[in-house]
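**Q** I would like the atomic coordinates for the input below:
(one chain, ligands or ions: 2)
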Amino acid sequence: MDETYRQIRMRAREILKEMPEPLFYSKQKEAVAFSRLLFKESKPVQVLIHHLESEFEEDFGHGFFHSEKVAVEAGAIVHIERGKNSKTEEIVFKAHVAGLLHDTMRKHPDHAEKGACYAEELLPGFAFSLETVQEIAYAIRLHEAFKTCTITPPSGKDAPLLSKALYDADKFRWGPDNFSHTVWDMVSYAKIPLPLFMSHYPKGLKGIEKIKETFRTPTGKLYGPDFIRIGLAVGQKLHTVILEEFSPTCRGMASFPPAP
Ligand SMILES: [Fe+2]
Ligand SMILES: [Fe+2]
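**A** Ligands and ions are numbered 1, 2, ... in the order given. Prediction:
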């Protein structure tokens, strides 16, 4: 990663430390802990991770940090939505697999569709039933923001909740995680110069604002906007910091857009 971005990421993480933690983690502590424990103790999940790490050199999608958080929090969401019963562990497991696989094709155009196809090819080899494969692939197909769904859900009863939970856990990442990790991985991977990054910054924050209205499960609608509010607060503070502390690096631009 470019040294300037490394320093900006460090400043972003410092700003984040001053922010409150999203409410989801305190209010739904048990569900998150339950999902995390299953994730760590599930042999099939660990085998799948091992496979993905060997296939994608520890860089699948936005990286393992992103995929694991999406997996664990999608698992927590389905647990909250369904409550505890004899089938809970089964759907939490499906959420873990969907979370791990949802961004495997992140670096390709139409990554949701390609990622779903990858899951359809991979999972039967891991002895998943056809119904489960279809449910997971459906969730991956539908996880992108601002896209209209025209796909008929598969017959598996978990498909609708699984897809909504995957979406919400993925969009939780547009909050604080965006400024601690995601955006820096993206600009670094695409080699985007800082002036160009800054020229898109206000538009980027508006996109984050818009995601607030798109959460799909009751749990996502309850806690998602809080993630986004914190992320936006970090983004706005960081905008000022970049202008004040990194402006020599940005010279060459006619003018910086003001913070929205
Ligand atoms: Fe994605
Ligand atoms: Fe994602």
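**Q** and Thr152, how far is that from Leu142?
**A** Note on Thr152: its distance to Leu142, by CB to CB, to the nearest Å, is 11 Å. To be clear about C-beta, it is placed using only N, CA and C from the backbone, and glycine gets the same treatment.
**Q** ugh, wrong one, Glu90
**A** Glu90 is 20 Å from Leu142, by CB to CB.
**Q** Looks to me like Ser86 is in a helix.
**A** No: assessed by DSSP: H, G, I helix; E, B strand; the rest coil, Ser86 does not belong to a helix; its assignment is coil.
**Q** Next, the contact list for it, please.
**A** Neighbour list for Ser86: empty [criterion: CB atoms under 8 Å, 6 or more residues apart in numbering].
**Q** what comes up buried for the helix or strand hosting Lys94?
**A** Lys94 is part of helix 88-101, with elements assigned from DSSP states H and E. Buried residues in helix 88-101, counting neighbours by 16 or more other CB atoms under 10 Å, are found at 88-89, 91-101.
**Q** now stretch 122-129
**A** 122-123, 128.
**Q** need the helices for the stretch 101-250 of the chain, in chain order.
**A** Under the criterion DSSP state H, counting those that start in this stretch, the stretch 101-250 of the chain contains helices at 111-122, 130-141, 159-172, 176-177, 183-190, 194-211, 218-245, 247-250.
**Q** quick one, what contacts the residue positioned nearest the centre of the chain?
**A** Nearest to the geometric centre of the chain sits Asp170, at 3.2 Å (CA atoms, centre = their mean). Residues in contact with Asp170 (CB under 8 Å, 6+ apart) are 70, 74, 99, 102, 143.
**Q** what sits against Val241?
**A** 8, 11, 15.
**Q** hang on, the earlier thing: Serialize the buried residues of stretch 122-129 to a markdown table and add fields for pLDDT.
**A** Output for these, formatted as a markdown table (pLDDT from 0 to 100):
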| residue | pLDDT |
| --- | --- |
| Leu122 | 96 |
| Leu123 | 96 |
| Phe128 | 91 |
